[in-house]
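In: quick one, what's the 3D model for this:
(one chain, ligands or ions: 1)
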Amino acid sequence: MIAVESASVRYAGHTALAEVGLTVGEGEFVALVGHNGSGKTTLLRLLAGLEEPTSGRVAVAGRPATALAVRAERGYAPAEPPLYDYLTVREQLVLAARLYGAPVREALAALAGTALEDRPDALVRELSLGMRKQLGMRKQLGLLVATVHRPRLLLLDEPTNGLDSGAAGALRAAAADWRDQGRTVLLCTHDLGWADELVSRLVVLDHGAVRHDLRLDGETATAALHRLDPTGTLLTTADSPTHPASTEPATP
Ligand SMILES: Nc1ncnc2c1ncn2[C@@H]1O[C@H](COP(=O)(O)OP(=O)(O)OP(=O)(O)O)[C@@H](O)[C@H]1O
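Out: Numbers count the residues shown, from 1 in each chain. Next comes the predicted model:
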């Protein structure tokens, strides 16, 4: 589903990603972790087709990630959902469904069980008031929009940031459904706990390079990370020296 070959991203003298290789098969649920600035969002943006690597190749579903046809296969939920403040919740979902040629009825049915269920006519800007509950609703709407076409690949960037416990529970339930349906999920997060039971593979980025890549095989993501990095250095220290990858990449 994902094939990243020796992909580097350089910005004016700064290397955000350094020859990253990553192959992810259909149905895997991958947690991508690493310290601030380790390159997680840059990698997701490559996979979302929003950036080209400076060198190397990035493919999704057998095509270059930037190919227009890949959009039907992939849903990308960035940390800040790209929504129209002047539309209502319902209008935002209908717009996304129509753009993707997805059934509008199903798009609206996805509101059931979420905090937005009773607020289809609220303006999106009312979900941007900065209060935790509102922020959670905005993130939930962002996820519904990103998945309205039921993509085979979901790219989630910090989906729990700003969520209250109710919204985080709804996200977990949705993510468990995606996993059970055999969708592929690449989750970039600082907060592994909520997804612990769902994650099948853990990838740790360090200074733009893949430092660890392992299949969990029953171990939780949190336990595996603690075993690899008992002092938590890989998640918190952006200034430690870059180390070579210490683990062979997992085979798909
Ligand atoms: N458009 C850009 N121009 C210049 N440098 C950038 C740009 N985007 C990202 N970077 C740099 O690339 C590096 C990787 O950034 P990235 O956002 O991918 O890291 P991250 O792991 O997602 O961090 P965080 O956990 O803080 O979101 C950082 O040093 C960042 O400052």
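In: those helices in the stretch 51-200 of the chain, which residues are they?
Out: Applying DSSP state H, counting those that start in this stretch to the stretch 51-200 of the chain gives helices spanning 89-100, 104-109, 132-146, 165-180.
In: adding mean pLDDT, distance to Leu234 and mean neighbour count, write the ones you listed out as a markdown table.
Out: Where C-beta positions appear, they are placed from N, C-alpha and C, glycine not excepted. What follows is the helices of the stretch 51-200 of the chain, written out as a markdown table (pLDDT from 0 to 100; distance: least, C-beta to C-beta, whole Å; neighbours: other C-beta atoms under 10 Å):
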| stretch | mean pLDDT | distance to Leu234 | mean neighbour count |
| --- | --- | --- | --- |
| helix 89-100 | 95 | 36 | 19 |
| helix 104-109 | 93 | 39 | 15 |
| helix 132-146 | 82 | 26 | 22 |
| helix 165-180 | 86 | 23 | 16 |
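In: pLDDT score assigned to the most centrally placed residue in the chain?
Out: Nearest to the geometric centre of the chain sits Leu156, at 1.6 Å (C-alpha atoms, centre = their mean). Predicted confidence (pLDDT) for Leu156: 95.
In: tell me which of the helices of the stretch 51-200 of the chain lies nearest to the ligand.
Out: Smallest distance to the ligand across the helices of the stretch 51-200 of the chain (C-beta to the nearest ligand atom): 15.5 Å, for helix 132-146.
In: helices or strands next to that closest one in the packing?
Out: Here helix 132-146 touches strand 74-77, helix 89-100, helix 165-180, going by 3 or more C-beta pairs under 8 Å, 6 or more residues apart in numbering; DSSP states H and E.
In: could you dump the first one to PDB, C-alpha only?
Out: Listed in PDB are the C-alpha atoms of strand 74-77, where the atom choice follows Å, rounded to 0.1, in the frame of the first residue of the first chain:
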ATOM      1  CA  ARG A  74      -6.200   7.800   0.600                       C
ATOM      2  CA  GLY A  75      -7.600   9.900   3.300                       C
ATOM      3  CA  TYR A  76      -5.300  12.500   5.000                       C
ATOM      4  CA  ALA A  77      -6.300  14.100   8.300                       C
END
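In: paired strands for it, with orientation please.
Out: strand 153-157 (parallel) (DSSP bridges).
In: want to throw the helices of the stretch 51-200 of the chain into JSON lines with distance to Leu83?
Out: Shown next, in JSON lines, are those (distance: least, C-beta to C-beta, whole Å):
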{"stretch": "helix 89-100", "distance to Leu83": "6"}
{"stretch": "helix 104-109", "distance to Leu83": "14"}
{"stretch": "helix 132-146", "distance to Leu83": "6"}
{"stretch": "helix 165-180", "distance to Leu83": "15"}
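In: got a markdown table for those helices, with distance to the ligand too?
Out: Putting those into a markdown table (distance: least, C-beta to the nearest ligand atom, whole Å) gives the following:
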| stretch | distance to the ligand |
| --- | --- |
| helix 89-100 | 25 |
| helix 104-109 | 29 |
| helix 132-146 | 15 |
| helix 165-180 | 18 |
